[in-house]
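got a predicted structure plus its sequence, pasted below:
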Amino acid sequence: MPAPQHHAGAAHMSTPNPRIPFRLEGDSAALAPFRGKRVVVNVAVNVEYWPFDQPMPRAILPPPHGIRAVPDVPNFTWVEYGLRVGMKRLLDLCAALGIRASNLSNAQICTHYPRLAEAMLAANWEFVGHGLYQKALATVEDDEAWVRESLSIMRGFSGQPVRAWLGPGLSEKDTTPELLRRHGIDLLHDWLVDDEPVWMSTADGPMVALPYTVELNDVPVYVVANQASSALADRIRDTLAFWSRSGFDRTRVMTIALHPHVIGVAHRMESFAAVMAELARHPEVVFATSSEIGDWFTAQRAAPGA
């Protein structure tokens, strides 16, 4: 019987993770501090466009009588409130604290909400690819055209190279990393396996898996688990307190994943603004964007086989 063929883009029985070799934290040496700090905070703001004439990707209100209708006015306007109001609050908070955020944006934010895209550009936020509009990439038939158009729009608007990507809903097809790699993406947030970047394999060469989070993420905290308004702030404080127990022995990335329609409401912004100010004052905390974190990592850890 011929030996099984291993492909970087396909799971197989002998390898639990087909792209990233397993290790325990501590198996590798600690990364050097980032600008002298041991906690690198990436404020990752997901800025999404949900088309009015399509079913909503997520709902805060269940459909009346269990019937999903289009247009879905309450859930569409829930999200657009975030673009109109929540985003202004996040922009103002980051400006006041001197934070350069990563905006993980659907590319059609640039074409359909140019006033907002211009505000993020003026704030010098890093533009990170997040699909064309909010739709799972695994459901897109021509995913290469989708990725190409998304990156073309975002690069053309921002003038930035756009090197990082988060799939909408962290959704991928089996060969999505290869596809992204061919189109100039070398930093991918979908594989949230560690508190530091790690190298991952693709058939088109290695790329960096950047930390992301479903734990310090306002959607699971508030929309899925329906926790109290201060829950995200409590989690951020507890994360920092736990890392401090070991004297911040490793340099770790704390990604804080935000959606303006979720975190940007007043009853959550009060506690969130307070904890962000605490982070800004903390002696071991530094803020960085996706590509800044990627470049810091690759300067220390060469790609496998390099």
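Looks like it arrived, so ask away.

in the helix or strand hosting residue 109, which residues are buried?
Assigned by DSSP states H and E, residue 109 belongs to helix 108-112. Neighbour counts over helix 108-112 (16 or more other Cβ atoms under 10 Å) mark 108, 109, 110 as buried. Heads up, the C-betas are built off the backbone N, CA and C, glycines and all.

pLDDT of the very next helix or strand once past it, averaged?
Remark: after helix 108-112, the chain's next helix or strand is helix 114-122, criterion DSSP H and E. Averaged over helix 114-122, pLDDT sits at 98.

run through who's touching helix 114-122.
Helix 114-122 is touched from outside by 47, 83, 87, 91, 103, 105, 109, 110, 127, 157, 158, with contacts defined as Cβ atoms under 8 Å, 6 or more residues apart in numbering.

residue 195 reaches residue 210, doesn't it?
No. With contacts counted by Cβ atoms under 8 Å, residue 195 stays clear of residue 210, the gap being 11.1 Å.

which of the two has more residues huddled nearby?
In terms of neighbours (other Cβ atoms under 10 Å), residue 210 is the more surrounded of residue 195 and residue 210; the figures are 30 against 18.

who's in contact with that one?
Residue 210 touches 42, 164, 187, 188, 189, 197, 253, 255, 290, 293, 294, counting by Cβ under 8 Å, 6+ apart.

and for residue 140?
Taking Cβ under 8 Å, 6+ apart as the test, what residue 140 contacts is residue 146.

and the strands in the stretch 51-200 of the chain?
With strands called from DSSP state E, counting those that start in this stretch, the stretch 51-200 of the chain shows them at 102-105, 126-129, 164-165, 187-188, 198-200.

list of residues touching the first one?
What that stands for is strand 102-105. Residues from elsewhere that reach strand 102-105, judged by Cβ under 8 Å, 6+ apart: 42-48, 117, 120, 125-130, 154, 164, 166, 189, 289-290.

in its sheet, what does that strand sit against?
Applying DSSP bridges, strand 102-105 is found paired with strand 39-47 (parallel), strand 126-129 (parallel).

look up how far residue 169 lies from the residue lying closest to residue 258 once chain neighbours are set aside.
Nearest non-adjacent residue to residue 258, counting by Cβ to Cβ, 6 or more residues apart in numbering: residue 45, 4.9 Å away. For residue 45, the distance to residue 169 equals 16 Å [Cβ to Cβ, to the nearest Å].

who's more crowded, these two?
Between residue 45 and residue 169, counted using other Cβ under 10 Å, the more crowded position is residue 45 (24 against 18).

the more buried one pairs with what?
Here residue 45, judged by DSSP bridges, has bridge partners residue 103, residue 258.

for it, give its distance to residue 101.
5 Å.

please identify every residue contacting each of those two.
90, 125.

list the contacts of residue 291.
For residue 291, the contact set (Cβ under 8 Å, 6+ apart) comprises 126, 161, 163, 164, 187.

ok, residue 217 next?
Applying Cβ under 8 Å, 6+ apart, we find residue 217 in contact with 256, 257, 258.

flag the shaky bits of the stretch 1-150 of the chain, pLDDT-wise.
Applying pLDDT under 70 to the stretch 1-150 of the chain flags the ranges 1-14, 65.

ok, 50 please
Residue ranges of the stretch 1-150 of the chain with pLDDT under 50: 1-7, 9-12.

now swap in the stretch 201-306 of the chain and tell me
For the stretch 201-306 of the chain, no stretch has pLDDT under 50.

so what sits against both of residue 195 and residue 210?
Shared contacts of residue 195 and residue 210, defined by Cβ under 8 Å, 6+ apart, comprise residue 253.

indicate which one of the strands of the stretch 51-200 of the chain is closest to residue 16.
For residue 16, the closest of those is strand 198-200, at 13.8 Å, according to Cβ to Cβ.

what strands line up against the closest one, and which way round?
strand 207-209 (antiparallel).

for the strand it pairs with, the distance to its chain's centre please.
Centroid displacement of strand 207-209 relative to its chain, using Cα atoms, centre = their mean, to the nearest Å, is 14 Å.

try stretch 29-48
Its chain's C-alpha centre and that of stretch 29-48 lie 13 Å apart, by Cα atoms, centre = their mean.

returning to that earlier point: any chance of the strands paired with strand 102-105 in CSV, plus distance to residue 179?
Shown next, in CSV, are the strands paired with strand 102-105 (distance: least, Cβ to Cβ, whole Å):
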stretch, distance to residue 179
strand 39-47, 21
strand 126-129, 12
